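Sequence below, structure please.
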Amino acid sequence: MEFVEFTAGENDSGRRLDRVLRIMLRDMAGEGSVNVFSALRKRLVLVNGGKAEASAKVKCGDSIKIASFLLKKPVAERNASSKSPESKVFANARHECGSNFSLDAATIFRNDSVLLINKPYGISVQPSFSSDTSLSQIVAEEFKEDGSLSFTPAPLHRLDRFTTGALAFSLSIDGARVFSKMLQSGLVKKTYVAIVQGLMQEEFEWTDSIDDGISAGASSFHTVRVSRIPPGSNLQPSPSTAVTKALPLAHGSWNGKEVTLARFEIPTGKKHQIRAQASFHGFPLLGDKAYGGAVIIGREFYLHAIQIEFPSGNTLALPQKIQAPLPKEFSNFLNSALINWNGQLII
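This next block holds a predicted model:
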């Protein structure tokens, strides 16, 4: 029987064999087309020349041989990667973000474990029906480690297509694990700024329930539904609980409408959380027509993830604060619409 041999890399080390094989075979044979447990039992997959258990932990340098007939895609097709900025993925990104899009220029921090970029307006984080490309594809293409069988750089959290600002990607399996654990433990603090309609004159802390999945029509776009949690409620926080802190920074007007530049912090992270809760409490994002905002010609809304904070001494060697400068279009709007804007954001 003919086998194709692969060598496990550093980012495969410590992962269960069945997990590594599922990712490999998904890429090379198609999702769900090979039963990993059956292949191991029938010795169609060998590790270091012998039979292995599905639960075995892969080590860096392990030889993994897979029967060639299981690999429907040519191996060369999987391993081929063009890291040239002239590739199709980068060409599509330039089309969506403007001719000057550059991943290098968007990068605001990078080490061996994590990449942070200043996400541009109008490009999706993950592939979608409405987008030719995505940031996950761009980063995977640029940073995919040739020596890894099961790890691909990927986004560590999400931003909406029309939201800009600080966005993190994993560049190693350790980066993915540690960053995700910090997120789940509430140790990563994200700060946003946005232009909202109305005169917000005081600081708010909104605690509501957010339910996902309200279809907005044939486009498959989904909004979320917000419902109030009564103040002083003794109910324990549930998976649907969303907490947003809002602080007004400056006021102005646009087309005769009062507008406010507001800072937002979200101790919880729900889909469309800032957009939905701000609207629910009477301050829809300007331009966010999905949540009741007035239409801005040529723009959806102004929402920017301006800062992300990490615990000191974290094992990923991330600085305590990383800031993402405002896009030029956002700054231009502030200069034209805010009557008391002095060019400084209070973080």
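
Spit out the contact partners of Thr244.
Phe204, Glu205, Trp206, Phe264, Glu265, Ile266, Thr268, Gln273, Ile274, Gln277, Ala278 (Cβ atoms under 8 Å, 6 or more residues apart in numbering). Backbone N, C-alpha and C define where each C-beta goes, glycine included.

which of those residues count as buried?
Phe204, Trp206, Phe264, Glu265, Ile266, Gln273, Ile274, Gln277, Ala278 (16 or more other Cβ atoms under 10 Å).

Closest to Leu345 out of those?
Phe264 (12.4 Å; Cβ to Cβ).

what sits against the closest residue in space to that closest one that isn't next to it in sequence?
Nearest residue to Phe264 in three dimensions, chain neighbours excluded: Tyr192, at 4.4 Å (Cβ to Cβ, 6 or more residues apart in numbering). Neighbouring residues of Tyr192 by Cβ under 8 Å, 6+ apart: Gly165, Arg263, Phe264, Glu265, Ile266, Ile274, Leu303, His304, Ala305, Ile306.

distance between the helix or strand containing Tyr192 and the chain's centre?
With elements taken from DSSP states H and E, the one containing Tyr192 is strand 189-197. Remark: strand 189-197 is offset 17 Å from the chain centroid, using Cα atoms, centre = their mean, to the nearest Å.

Let me see the ranges of the strands in the protein.
Taking DSSP state E as the criterion, the chain carries its strands at 3-7, 45-47, 63-67, 107-110, 114-119, 154-155, 164-170, 189-197, 204-215, 222-228, 241-254, 257-265, 303-309, 321-323.

Report the buried residues of the strand holding Tyr192.
Those would be Lys190, Thr191, Tyr192, Val193, Ala194, Ile195, Val196, Gln197, for strand 189-197 by 16+ other Cβ under 10 Å.

What is the burial count for the nearest residue to Ser55 once chain neighbours are set aside?
Excluding the flanking residues, the one nearest Ser55 by Cβ to Cβ, 6+ apart is Arg16, at 5.9 Å. Residues near Arg16, counting by other Cβ atoms under 10 Å, number 15.

so what's Arg16 bridging to?
Here Arg16 shows beta-bridge partners Lys57, assigned using DSSP bridges.

ok, Gly256 - how many residues close by?
Neighbourhood size, Gly256 [other Cβ under 10 Å]: 5.

same deal with Ser134?
21.

What of Gln137?
Neighbour tally, Gln137, other Cβ under 10 Å: 19.

what's the answer for the one 5 residues further on, then?
A total of 20 residues lie near Glu142 under the criterion other Cβ under 10 Å.

mind giving me a markdown table with the buried ones among the contacts of Thr244 and columns for distance to Ala52?
Formatted as a markdown table, these follow (distance: Cβ to Cβ, whole Å):
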| residue | distance to Ala52 |
| --- | --- |
| Phe204 | 56 |
| Trp206 | 52 |
| Phe264 | 49 |
| Glu265 | 48 |
| Ile266 | 44 |
| Gln273 | 44 |
| Ile274 | 48 |
| Gln277 | 50 |
| Ala278 | 53 |
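
of all those, which comes closest to Ile322?
So of the buried ones among the contacts of Thr244, ranked by how close each gets to Ile322 (Cβ to Cβ), first place is Glu265, at 15.5 Å.

quick one: low-confidence ranges for this structure?
Within the chain, the stretches with pLDDT under 70 are 29-32, 72-101, 129-132, 145-147, 213-221, 230-239.

Enumerate every residue touching the residue nearest the centre of it.
Nearest to the mean C-alpha position of the chain, by Cα atoms, centre = their mean, lies Arg158 at 3.0 Å. Arg158 is in contact with Val125, Gln126, Lys271, counting by Cβ under 8 Å, 6+ apart.

Tell me the bridge partners for the closest residue to Leu115 other than its chain neighbours.
Computed as Cβ to Cβ, 6+ apart, the closest residue to Leu115 that is not its neighbour in sequence is Phe169, at 4.5 Å. Assessed by DSSP bridges, Phe169 has beta-bridge partners Leu115, Pro155.

how about Phe169, what does it touch?
Val114, Leu115, Leu116, Ile117, Leu135, Ser136, Val139, Phe143, Pro153, Ala154, Pro155, Leu156.

Restricted to buried residues, select the residues you listed in ChimeraX.
Command for ChimeraX that selects the buried part of the contacts of Phe169, burial taken from 16+ other Cβ under 10 Å:
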select :114,115,116,117,135,136,139,143,153,155,156
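
Closest one of the contacts of Phe169 to Leu316?
Closest to Leu316, out of all of the contacts of Phe169 and judged by Cβ to Cβ, is Val114, at 5.7 Å.

Wait, the closest one touches Leu318, no?
Yes. The pair Val114 / Leu318 is scored as a contact, 6.3 Å apart, by Cβ atoms under 8 Å.
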